[in-house]
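Visitor: how would this look folded up:
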Amino acid sequence: MTRTVPDEIVARIRRLPDAQQRQALAYVQTLEQASHGAALAALSGSISREDLAQMAAAIEADCERVDARDW
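Guide: Numbering: from 1, shown residues only. As a prediction, this is how the structure comes out:
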């Protein structure tokens, strides 16, 4: 019977010393983060220029004021 990819990965990682298992885990976490970035990048360009202009105007109007009494 042929192993699945996850089963093969687990079998190989189990044979590694603890330090290398930790490195493998860190690498997998990096891959997961990269895939989240790809999902975010897929949204690039999905906001219209008009909406972006409105957002920028709202930020400039409301977010750049400093209220010295607020601190």
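
Visitor: ok, residue 6 - how many residues close by?
Guide: 8 (other C-beta atoms under 10 Å). C-beta here means a position set from N, CA and C on the backbone, and glycine is covered the same way.

Visitor: okay, now the unreliable bits of the chain?
Guide: 1, 64, 71 (pLDDT under 70).

Visitor: so what does the lengthiest helix in it touch, helix or strand wise?
Guide: Taking DSSP state H as the criterion, the chain has its longest helix at helix 18-41. With contacts taken as 3 or more C-beta pairs under 8 Å, 6 or more residues apart in numbering; DSSP states H and E, helix 18-41 sits against helix 5-14.

Visitor: and the helix it packs on, how far out from the chain middle?
Guide: 25 Å (C-alpha atoms, centre = their mean, to the nearest Å).

Visitor: what does that helix contact?
Guide: 3, 21, 24 (C-beta atoms under 8 Å, 6 or more residues apart in numbering).

Visitor: could you report the distance from the first one to residue 62?
Guide: Counting by C-beta to C-beta, to the nearest Å, the gap between residue 3 and residue 62 amounts to 57 Å.

Visitor: do the same with the second one
Guide: Remark: distance between residue 21 and residue 62 (C-beta to C-beta) = 49 Å.
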